[in-house]
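[1] Coordinates only, no sequence provided:
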């Protein structure tokens, strides 16, 4: 059973559901007020159970608990819960590996970890990272205690065993839309500023920086042809990625700028973007709750100074990692 949160994912949802329908018994999709074709796409797939996530606020805790409750109500045990975002596609060779059968035979209370690779530049190249991610759980009904943001997606009880399946790969498509990914990370930055969950500005800037080369977070190499070939042989388009001028993340940031004032975010790494052009575009499209007056951007000298200080922070952090033997930050 696959559990997936969705908000305006029409760009990838057809691909995700076409693939996921081939290995999952049920796909539970929690849609958070999508304004694109996401809901219509979901209704075309018989295995999809579409539920509403009615909140306007970003909250990983609430949406994970919503999905988990629905999954447990829908299917009695034994059940394997796999938590995938819509831009994460299981590699085509995964279901044919011995590891897949090991997962299906694992006892309840087992955390299942896969490798997630970031497709990089093209679908034929990827960035790989050290370590595996807990993306599935052989469910035993334990309580899940997620966080509001950057939460582990499945239960992680202390007693649970871990099944490390390093021959099963999940393909992450986010970096194939770099402008959308940058918009999403600006949105995250603004949310953390408002909520106070990452109060040190340089930590926020380092966590969400998209104007720097982030390949230090992993190693870039060719993709295995087996990751896509089986799905493409089944007639699924695995390569087309639509780009847009602006994304819904941008309009959410504009709402924060209207609500809190632009000055609150002057030190954040969101100003290598023309917010005034975005605001005018939103006004022409009658998008609600965006600023009625021009966005008051910080002085150029302040942007340059913060960029320089952020670069110094990034360099000393990486030097410290090398001296201590710690790995660099993972690409989110």
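    That came through fine. Note that the coordinates shown come from a computational prediction; the quantities given were computed from them, not determined experimentally.
[2] what's the span of stretch 46-65, first residue to last?
    23 Å (Cα to Cα, to the nearest Å).
[3] List the buried residues for that stretch?
    48-50, 53, 58-60, 62-64 (16 or more other Cβ atoms under 10 Å). (C-beta placed from N, C-alpha, C; glycine too.)
[4] Among those residues, which lie within helices?
    Within these, residues falling in helices by DSSP state H are 60, 62-64.
[5] will you turn the buried residues of stretch 46-65 into a markdown table that also has pLDDT and distance to residue 158?
    Shown next, in a markdown table, are those (pLDDT from 0 to 100; distance: Cβ to Cβ, whole Å):
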| residue | pLDDT | distance to residue 158 |
| --- | --- | --- |
| 48 | 98 | 34 |
| 49 | 98 | 31 |
| 50 | 98 | 34 |
| 53 | 96 | 29 |
| 58 | 94 | 28 |
| 59 | 94 | 25 |
| 60 | 96 | 21 |
| 62 | 96 | 24 |
| 63 | 97 | 24 |
| 64 | 97 | 19 |
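[6] and which of these is nearest residue 272?
    residue 58 (22.4 Å; Cβ to Cβ).
[7] List the buried residues of stretch 133-140.
    So stretch 133-140, judged by 16+ other Cβ under 10 Å, has buried residues 133-140.
[8] Among those residues, which pair sits farthest apart?
    Greatest spatial distance among the buried residues of stretch 133-140 (Cβ to Cβ): 133 and 140, at 20.2 Å.
[9] Let me know the closest of the buried residues of stretch 46-65 to residue 245.
    residue 58 (22.6 Å).
[10] you'd agree that closest one is up against residue 192?
    No: using Cβ atoms under 8 Å, residue 58 is not in contact with residue 192; the gap is 10.5 Å.
[11] intersection of neighbour lists for the two?
    residue 149 (Cβ atoms under 8 Å, 6 or more residues apart in numbering).
[12] And the helices in the stretch 51-200 of the chain?
    Counting by DSSP state H, counting those that start in this stretch, the stretch 51-200 of the chain has helices at residues 60-74, 98-105, 178-195.
[13] Pull out the buried positions in the shortest one.
    For helix 98-105, the buried set under the neighbour-count rule, 16+ other Cβ under 10 Å, comprises 99-100, 103.
[14] Serialize those residues to JSON lines and add fields for distance to residue 252 and pLDDT.
    Converted to JSON lines, those look like this (distance: Cβ to Cβ, whole Å; pLDDT from 0 to 100):
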{"residue": "99", "distance to residue 252": "38", "pLDDT": "96"}
{"residue": "100", "distance to residue 252": "38", "pLDDT": "97"}
{"residue": "103", "distance to residue 252": "36", "pLDDT": "97"}
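[15] Considering the residues you listed, which is situated nearest to residue 125?
    Nearest to residue 125 among the buried residues of helix 98-105, with distances taken as Cβ to Cβ, is residue 99, at 24.0 Å.
[16] ok so, going back, can you put the helices of the stretch 51-200 of the chain in a markdown table and add distance to residue 298?
    Output for those, formatted as a markdown table (distance: least, Cβ to Cβ, whole Å):
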| stretch | distance to residue 298 |
| --- | --- |
| helix 60-74 | 30 |
| helix 98-105 | 50 |
| helix 178-195 | 14 |
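[17] Out of those helices, which gets nearest to residue 299?
    Closest to residue 299 of those is helix 178-195 (Cβ to Cβ; 18.9 Å).
[18] Now do the helix or strand just after the closest one: distance to the chain's middle.
    Counting by DSSP states H and E, the next helix or strand C-terminal to helix 178-195 is helix 201-208. Helix 201-208 sits 18 Å away from the centroid of its parent chain (Cα atoms, centre = their mean, to the nearest Å).
[19] same thing with stretch 129-139?
    Worked out by Cα atoms, centre = their mean, stretch 129-139 lies 15 Å from the chain centre.
[20] Need the contact partners of stretch 260-275.
    In contact with stretch 260-275 (Cβ under 8 Å, 6+ apart) are residues 182, 186, 189-190, 193-194, 201, 204-205, 208-209, 211, 250, 253-254, 256-257, 295-298, 302-303, 306-307, 310.
[21] Which among the residues you listed count as buried?
    Applying a neighbour-count criterion of 16+ other Cβ under 10 Å, the buried members of the contacts of stretch 260-275 are 182, 186, 189-190, 193, 201, 204-205, 208-209, 250, 253-254, 256-257, 295, 297-298, 303, 306-307, 310.
[22] who does the helix or strand where residue 14 lies touch, helix- and strand-wise?
    Using DSSP H and E, residue 14 falls within helix 10-20. Judged by 3 or more Cβ pairs under 8 Å, 6 or more residues apart in numbering; DSSP states H and E, helix 10-20 is in contact with strand 2-6, helix 38-43, strand 88-90.
[23] tilt between that helix and helix 178-195?
    100 degrees (axes from the mean of the first three to the mean of the last three Cα atoms, to 10 degrees).
[24] Determine the set of other helices and strands touching the helix or strand just after helix 10-20.
    Downstream of helix 10-20, the first helix or strand assigned by DSSP H and E is strand 27-31. Counting contacts by 3+ Cβ pairs under 8 Å, 6+ apart, strand 27-31 packs against strand 2-6, helix 38-43, strand 48-52, helix 60-74.
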